[in-house]
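**Student:** All I have is the shape, not the residue letters:
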Ligand SMILES: Nc1ncnc2c1ncn2[C@@H]1O[C@H](COP(=O)(O)OP(=O)(O)OP(=O)(O)O)[C@@H](O)[C@H]1O
Ligand SMILES: Nc1ncnc2c1ncn2[C@@H]1O[C@H](COP(=O)(O)OP(=O)(O)OP(=O)(O)O)[C@@H](O)[C@H]1O
Ligand SMILES: [Mg+2]
Ligand SMILES: [Mg+2]
């Protein structure tokens, strides 16, 4: 079965790349070389490996939140906004309290990032649980609101004083005190301890969902709200809780981007992780461990496509095209793993058809 | 401010609001149909981008906006077909395939633009068409009867889609297939066929919505010109609770709030403009908070249909 | 860009004496604004230089995390000059540059240079001021409008400069500003322009790549004009773009290249201003006739005074 | 529509599902005017076989012949065209649509593409009149009682004028009266020359209505007899493979305090109309109180109000002396109330959860299964294993998703969970609905043993013999009121039947508005 899964997914990947090749040719460029870079780049050099994991980290953290909320029956597509809120909160606390000793400040910063994200997610959860506001609507809207809030803060009260002094006014906070930086695992790369944090949290989320009463209730509320209520579980409360946890994890993702990668909050700090994480989470079968390889591969896909753009001269748009095809093909191929009998059914069906014709 | 000025502002706000509402209205009505049939199409953004590009490109080449709109509709239909094949025939997880479709649409539109246009170009797009007589009514004329034909079509589409849903046999099947597909199936109506049809029509409308931005509004195409409108449209479907009138209300509320904040900015009331930009999003959420009544979401929404699988 | 030469060989490959330049762009090479202006300048240099320039471009690097990867990869591939063409890249450039002391990094708009970092700094406010004067003198309705992206960075400099110019020109002309809250909301930019015009403005301007949307809107209403910045945008609307502020990137780039040849790999804060001739105001020849001589004279005077330093544009106000 | 079905044969049908052989070379045949009964335990393969006939499934082997010639039924559409109609075991109705719309669904309209519901409504009333299955054509289906929904399903089939009508456990949710009506309806149809295939677990019905009986077990055909030449005992033996044991319950008298007392209870239903109009009841420890009544007369709301799932408008509920009116379900459970809900799949269990997760639905947070918030996996596993074997729940393993189990096994699981928690009072709503004889017997045994152990039990059911067999006292619900509470021996079929219909010898007054009350309920 495992082998078959890999085989099918691999076939899907090949299919996607073949179609993608057509467009690379359209762009008058060499698919072989392009794919060579795209597939090997992210894994061949230390640069590739570390940059892949740099993208994996926020995908993983946000994805874990997505898993909790989806498992609790809340379709949370507000990761993007929650990341931003987490990033700005942590950066804000870090720069305003830069006088505080790092030992105290560091946990404070992490906490504020998680809390802010949690509250942002919790709002959507509360709106759904108590006011029956559909979460897809509220999270989409909250994403936009968060984006504006974020800009307002990094160009307003939190802007780097130097930027004001020189009149360049680039919208970004001052550097956060070096004491709270997440140390780089390999010098000369951006891979930082945030990745380790994400891995640890994946295990913790697994334990929470599978081995605790709260996790049991979260899953029960998602899988059968009526039955959960019948069993005495406080359904609204756990809906809110799930969105709070989801937001907190996304908020941490934002915090890690600040403390580990950029060391400040700046424009466009989230590279669409809020949405990519949904893909990673679903590919990981909404399983806290399954999402680890999923987000590594997805991170590699994002980076690889970018490296391809640089290696062979093609428009950046190709990156999106290929990512789109890969996602569509892999998700479509999934059916043959979930329901192998389908193939058989189709064969018999076709036999009948041909039989009739004859 | 002078009387005339205030009047001008009011006209301006309404007219702008209506103009802004068109793409949301078209895309959301399409998505409503799709979701009513039980499919959650998160790929709207990508479809709109394809429509936006092909609408622009064909107009650019043929100098005929009508052909452009046609092309946009065809492009949208093809994207809808792709979504249908992946999410209905292959029963793929709809959340993922939707996001995949969005990326694909963004990528393809950007790529074709680079390859076949190669830079910012402008077209002679649709011009506002003043309805005779009505258009000359003071105040109301400029507000409601001086828009491009897509606008009139979009608003006409509201009663039309209501009629189709609630007064035709096909509409009856649509309402049923998203709620209880097995019922439709056992009565000899093909669930797959229904969902294909709805996804394709939904795609056409999303394509047209995208073309509104290029062929009617800006008369140009640029990378990612939709800037997230597809997702707003999806949200508005939930706001409208899968009813054409509700979606009309949502689109207008959102867009009026948007045009209102534009005017507030232009007339120079002094406060952080971000707050103004946030306004429509906040208004929409609040409006849904205070709305009430029993909601019946399509019970089978997002679930691929499999025969003989209970509940 | 779709039409560039095959990309750089890996760092370990033998180095050609061709100058290798990498360009990292937040948007695309055809955005009709900030990115395209720099890209075209580089292409021009490439075609002119005798011992050849090898050019590599990364587009859509708006996300700092992507830009960081791009810059680092170019650095490891042994490019000679890496141009991160955006103010938002300051942070990442300053982080990476120290690890590659032999490579020249350049970014802008910015001021913080480093041992091997050039920070180029277009004085957008200067051109803006001059166009403010032009706008004020040309406006019949006595109302001019600014279509703003996000109130930050160059946009602030540009808008402030423009407002000061308008004020300086006298004749109590009103300046109105509205922002889209984004850099690429072409549709919104168009709507803001329309709103400005509905509200009476007859001369409009605005920065960032979304401006094209506004220009096209302005073109839709005869008798209203647009003043463009970053590059000459008259191609978008030949009958609406009155004049453009253009940056002379070739000059900046040549300076950087020459400095590097002379052994200076960085450490300078390069301004583009009227004074050093890297900034210019370009009339749209098609419409130049419409501008009265006295207006032109006032504009020329403003330019001279700014270059001479007799007009000071204080942005901290 | 092709020519009329005079004779239909299914020959050596084989249907496999992953891991299951649902039909193993099954053959049946039926002629016009005949009624064929399909018998078999839960999971025997009856529904599968009929789904094959109706074109929902394609057989892996075997053939179908109509009037002697092989036909290929590739979809329900072609089944309908060939004159085959089916009333499904699990309702195939769209809750948001009206009865009319549900019937018209998929049918061509006189006005072409336009919907034209007038004639449909008229025909529905017609059919209702001729066959005695009346429903309000303009009511939304979600407002209808289960019984009424069943009628809609039958109307759907009749409306399409089927020559051959398949009925998959049509009487499972019907009251004795309704069931009787249906039986006579089927007889009429047979006389008219239609063929009927009926699936049922109720042998007396089968004996009354059918001409032939086919019995399935584990997907195989284990017997085919003419009804005239057989008897219920034989059929039971063929189905279960053993003699069915008769449950006997010696009659007892109860004194002392009620463990559950309900006083003047008033509750509103989903449509916002009164469901219970000041009900007063009590059950004593060890007593089984039967609640008879046509479904939709307040039983569901009664159970929900007691278990805290539905707000109480007025009145009091006391559990062993303590007031639990409008307490949270959690509190009520903790105070010792057990509840076997009507909807066993979506309220009683979580279909996607596996066996042990559902067994722990109510206890997951209680010691010893959870310690300071953590689930004690090993203990839970052993506990679940013992329950599974004790109540012999047929399942591959503990990890199987509960939704995959047959109705009977899901019910066993729920009972296992509820009874082992040893509540003071157990409310069991329609506990044997849709279960085969063996399973039903088993459930009865469980309930009896529990009552012997001193548990107070409220048994809500439409099955008169079930109520009679088990109860010490029987309360009859009608239109949100209690018509009467009878001691077991006084509760004979006739009296109960009258009371359930809202008729009663003493209070004529109610009998008048009785029927329309039934319509609302
Ligand atoms: N209505 C409510 N509003 C807010 N918080 C609540 C509400 N009900 C319960 N909680 C809190 O949620 C958590 C879980 O509550 P719940 O009632 O579901 O389980 P519990 O029975 O209280 O906990 P345990 O199972 O350990 O006894 C507890 O911390 C509880 O205090
Ligand atoms: N769609 C399906 N997929 C997988 N297995 C199925 C499916 N439908 C039925 N089965 C299996 O086939 C067997 C027969 O099921 P079926 O529903 O025909 O039994 P039945 O006789 O109708 O039982 P009941 O009396 O409870 O209705 C069961 O083991 C069931 O689990
Ligand atoms: Mg069955
Ligand atoms: Mg408790």
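**Tutor:** Good, I have the coordinates. Every value quoted in this text rests on a predicted model; they were computed, and no experiment measured them. Ligands and ions are numbered 1, 2, ... in the order given.

**Student:** what stretches of the chain score poorly on pLDDT?
**Tutor:** Going with chain A. Scanning chain A for pLDDT under 70 picks out the ranges A:1-2, A:341-358.

**Student:** my question was about chain D
**Tutor:** Using pLDDT under 70, chain D drops low at D:1-2, D:243-253, D:504-521.

**Student:** how about the residues of it that lie near chain B?
**Tutor:** Counting by C-beta under 8 Å from any C-beta of the partner chain, chain D comes close to chain B at D:51, D:54, D:56-57, D:75-81, D:86, D:88, D:90, D:92-97, D:101-102, D:104-109, D:113-115, D:156, D:345-346, D:351, D:403. C-betas here are computed from N, CA, C, even on glycine.

**Student:** Select only the buried ones of these in ChimeraX?
**Tutor:** Selection of buried members from those for ChimeraX, criterion 16 or more other C-beta atoms under 10 Å in any protein chain shown:
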select /D:51,54,56,57,75,76,77,78,79,80,86,88,92,93,94,95,96,97,101,102,104,105,106,107,109,115,156,345,346,351,403
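
**Student:** give me the residue from the stretch 51-200 of chain C nearest ligand 1.
**Tutor:** In the stretch 51-200 of chain C, the residue that lies nearest ligand 1 is residue C:181 (36.5 Å; C-beta to the nearest ligand atom).

**Student:** What residue, apart from its backbone neighbours, is nearest that residue spatially?
**Tutor:** Leaving aside its sequence neighbours, residue C:181 sits nearest to residue B:277 (C-beta to C-beta, 6 or more residues apart in numbering or on different chains; 3.9 Å).

**Student:** quick one: contacts for that neighbour?
**Tutor:** Going by C-beta atoms under 8 Å, 6 or more residues apart in numbering or on different chains, residue B:277 touches A:148, B:261, C:179-181.

**Student:** Run through the neighbouring helices and strands of the strand or helix carrying residue A:145.
**Tutor:** Element membership of residue A:145, judged by DSSP states H and E, is helix A:135-155. Packed against helix A:135-155 by the contact rule (3 or more C-beta pairs under 8 Å, 6 or more residues apart in numbering or on different chains; DSSP states H and E) you find helix A:79-96, helix A:102-131, helix B:229-239, helix B:273-289.

**Student:** what's the most buried one of the ones you listed?
**Tutor:** helix A:79-96 (a mean of 29; mean count of other C-beta atoms under 10 Å in any protein chain shown).

**Student:** Listing request: residues of chain B with sub-threshold pLDDT.
**Tutor:** Ranges of chain B meeting pLDDT under 70: B:1-7, B:270, B:292-293, B:308-311.

**Student:** quick one: the helix holding residue A:145 to helix B:273-289, angle?
**Tutor:** Counting by axes from the mean of the first three to the mean of the last three C-alpha atoms, to 10 degrees, helix A:135-155 lies at 160 degrees to helix B:273-289.

**Student:** Now find how far off-centre helix A:135-155 is within its chain.
**Tutor:** Averaging C-alpha positions (C-alpha atoms, centre = their mean, to the nearest Å) puts helix A:135-155 17 Å from its chain's average.

**Student:** Please apply the same query to stretch C:218-238.
**Tutor:** Distance, centroid of stretch C:218-238 to centroid of chain: 16 Å (C-alpha atoms, centre = their mean).

**Student:** near chain B at all, it?
**Tutor:** Yes - counting by C-beta under 8 Å from any C-beta, contacts between stretch C:218-238 and chain B involve C:219-220, C:235-237.

**Student:** Out of those residues, list just those in helices.
**Tutor:** Among these, DSSP state H puts residue C:219 in helices.

**Student:** So what would you say the end-to-end distance of stretch D:475-487 is?
**Tutor:** Stretch D:475-487 has an end-to-end distance of 9 Å (C-alpha to C-alpha, to the nearest Å).

**Student:** Ok, stretch A:215-229 next?
**Tutor:** 15 Å.

**Student:** check whether that stretch contacts chain B.
**Tutor:** No - figure legend: stretch A:215-229 not in contact with chain B (C-beta under 8 Å from any C-beta); closest approach 9.8 Å.

**Student:** got the buried residues for that stretch?
**Tutor:** A:215-225, A:227-229.

**Student:** Tabulate these in CSV, adding columns for secondary structure.
**Tutor:** What follows is the buried residues of stretch A:215-229, written out as CSV (DSSP: H, G, I helix; E, B strand; the rest coil):
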residue, secondary structure
A:215, helix
A:216, helix
A:217, helix
A:218, helix
A:219, helix
A:220, helix
A:221, helix
A:222, helix
A:223, helix
A:224, coil
A:225, helix
A:227, helix
A:228, helix
A:229, helix
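
**Student:** Sketch out the helices for the stretch 151-300 of chain B, chain order is fine.
**Tutor:** Ranges of helices in the stretch 151-300 of chain B, per DSSP state H, counting those that start in this stretch, are B:169-177, B:181-186, B:191-211, B:229-239, B:244-266, B:273-289.

**Student:** Let's have those in a markdown table, adding distance to residue D:499.
**Tutor:** A markdown table is the format used below for the helices of the stretch 151-300 of chain B (distance: least, C-beta to C-beta, whole Å):
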| stretch | distance to residue D:499 |
| --- | --- |
| helix B:169-177 | 39 |
| helix B:181-186 | 35 |
| helix B:191-211 | 45 |
| helix B:229-239 | 48 |
| helix B:244-266 | 47 |
| helix B:273-289 | 48 |
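
**Student:** So for residue A:238, which of these sits nearest?
**Tutor:** Among these, the nearest to residue A:238 by C-beta to C-beta is helix B:273-289 (20.9 Å).

**Student:** quick one: the closest one to helix B:244-266, angle?
**Tutor:** Put simply, helix B:273-289 runs at 160 degrees to helix B:244-266, going by the same axes, to 10 degrees.

**Student:** How much space separates the residue nearest to residue C:181 from ligand 2?
**Tutor:** 52 Å (C-beta to the nearest ligand atom, to the nearest Å).

**Student:** that older thread, let's see which of the residues of chain D next to chain B end up in helices.
**Tutor:** Counting by DSSP H, the residues of chain D next to chain B place D:51, D:76-81, D:101-102, D:104, D:156 in helices.

**Student:** still on that earlier bit, state the pair within the residues of stretch C:218-238 next to chain B that is farthest apart.
**Tutor:** C:220 and C:235 (16.6 Å).

**Student:** who in the stretch 201-311 of chain B is up against chain A?
**Tutor:** Within the stretch 201-311 of chain B, the positions near chain A by C-beta under 8 Å from any C-beta are B:223, B:228, B:231-232, B:234-236, B:238-239, B:272, B:274-275, B:277-278, B:281-282, B:284-285, B:288-289, B:295, B:297.

**Student:** if we can go back for a sec, could you give the secondary structure assignment for the residue of the stretch 51-200 of chain C closest to ligand 1?
**Tutor:** Of the three states, residue C:181 takes coil under three-state DSSP.

**Student:** if I look at it, how far off is residue A:87?
**Tutor:** Going from residue C:181 to residue A:87 by C-beta to C-beta, to the nearest Å gives 18 Å.

**Student:** same thing with residue C:146?
**Tutor:** Distance, residue C:146 to residue A:87, by C-beta to C-beta: 30 Å.

**Student:** same check, this time on residue D:210
**Tutor:** 72 Å.

**Student:** which residue ends up closest to the midpoint of chain C in space?
**Tutor:** Residue closest to the average C-alpha location in chain C (C-alpha atoms, centre = their mean): residue C:230, at 3.4 Å.

**Student:** tell me the contacts of that residue?
**Tutor:** Neighbouring residues of residue C:230 by C-beta under 8 Å, 6+ apart: C:33-34, C:37, C:207-208, C:211, C:245, C:247.
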